[in-house]
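Novice: no sequence on hand, only this structure:
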Ligand SMILES: [Zn+2]
């Protein structure tokens, strides 16, 4: 049963105490009822803080161990408000905005929280796209005039797949790819699209293997410089231009290329649920995935950037 607050009033009434938040996490972690990881006993009592104690063997289990909230010293009530705020902001949340609304002293904490939540936005084993799907790649930052298919250090090449839903866009998938080679693009397609679907691409030779990989390949041959790709694959191009606006707007372009994939995950999470009228349901989804996703300590999140020159999207975005 999906259990979530429907609006801000319900949210505030329900999650006003640590115990209420802890109980909610308990329900998400053990939807079939508690089972002690040590002895398998099915009953537990609330202990101190974020702990529950097994009624069989007295083993103490933390509701946040093994989740994205692991090791946090902050109150769960604050975390819950962060999640609520993230899902109710139409255009997403910036670290500065989150810091302000929660009254967090450090920007670093707000930044880390948002990154932890982004890691929970992709559900492992989610369904692949199906039906009729447009696929193309785009430089986030926009290709410079005359530049085609060649990455430079500062540019991020993003592969994009967009389902057709009549004239509208269904679901999308986006991922950074190292280059526009057949190996990169075909593995993006395999990970993102159900075999048997119609995959619509332009005539870029790297897509030649699409049919051999079990898809119905529809090719529109056109010169890449002509600009008519926008008309032939309108859905991909609409999604990409929204992505660029979002990076520049909500995040003011302050996104490092190394972290771009996580922003793509957030954009995709929001985009694919843009028509969902219930923010409460989004809250429930994200909490559910936050509990299922493993912890990602701050030092691991910054490690991938350390020692490398930070390329910022703002240096390269040019729409
Ligand atoms: Zn036990």
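Specialist: Perfect, thanks for sending it. Note that the structure is predicted; figures quoted are calculated from it, not measured.

Novice: drop to CA atoms for contacts and neighbour counts, all remaining ones
Specialist: Will do.

Novice: and the residue of the stretch 51-200 of the chain found nearest the ion, what pLDDT?
Specialist: In the stretch 51-200 of the chain, the residue that lies nearest the ion is residue 57 (4.1 Å; Cα to the ion). pLDDT, residue 57: 96.

Novice: with residue 49 instead?
Specialist: pLDDT, read off for residue 49, is 85.

Novice: kindly list the main-chain dihedrals of residue 71?
Specialist: Main-chain dihedrals, residue 71, degrees, to the nearest 10: phi 70, psi 10.

Novice: distance of residue 133 from residue 216?
Specialist: Noted for residue 133: a distance of 10 Å to residue 216, by Cα to Cα, to the nearest Å.

Novice: what of residue 48?
Specialist: The value you get for residue 48 to residue 216, if Cα to Cα is used, is 58 Å.

Novice: who has more neighbours out of the two?
Specialist: Taking other Cα atoms under 10 Å, residue 48 and residue 216 do not tie; residue 216 has more neighbours (16 against 11).

Novice: my read is residue 135 is in a helix, agree?
Specialist: No: according to DSSP: H, G, I helix; E, B strand; the rest coil, residue 135 belongs to no helix; its state is strand.

Novice: how far away is the nearest residue to it once chain neighbours are set aside from residue 245?
Specialist: Distances taken as Cα to Cα, 6 or more residues apart in numbering put residue 161 closest to residue 135, at 4.5 Å, once the chain neighbours are dropped. Using Cα to Cα, residue 161 is found at 18 Å from residue 245.

Novice: ok, now residue 124?
Specialist: For residue 124, the distance to residue 245 equals 27 Å [Cα to Cα].

Novice: mind listing what's buried in stretch 6-17?
Specialist: 11, 15 (16 or more other Cα atoms under 10 Å).

Novice: give me the contact list for that stretch.
Specialist: With Cα atoms under 8 Å, 6 or more residues apart in numbering as the test, stretch 6-17 has contacts from 5, 20-21, 77, 80, 278-281.

Novice: helix, strand or coil for the one residue sitting closest to the centre of the chain?
Specialist: Closest to where the C-alpha atoms of the chain average out (Cα atoms, centre = their mean) is residue 265, at 2.5 Å. With three-state DSSP as the basis, residue 265 sits in helix.

Novice: which non-adjacent residue is nearest residue 107?
Specialist: Looking at residue 107 with Cα to Cα, 6+ apart, the closest residue is residue 99, at 6.1 Å.

Novice: which residues are common contacts for residue 133 and residue 216?
Specialist: Jointly contacting residue 133 and residue 216 under the rule Cα under 8 Å, 6+ apart are 197-199.

Novice: for those residues, which single residue is the most surrounded?
Specialist: Result: residue 199 is most packed of the shared contacts of residue 133 and residue 216 (other Cα under 10 Å), 26 neighbours.

Novice: understood, closing this out.
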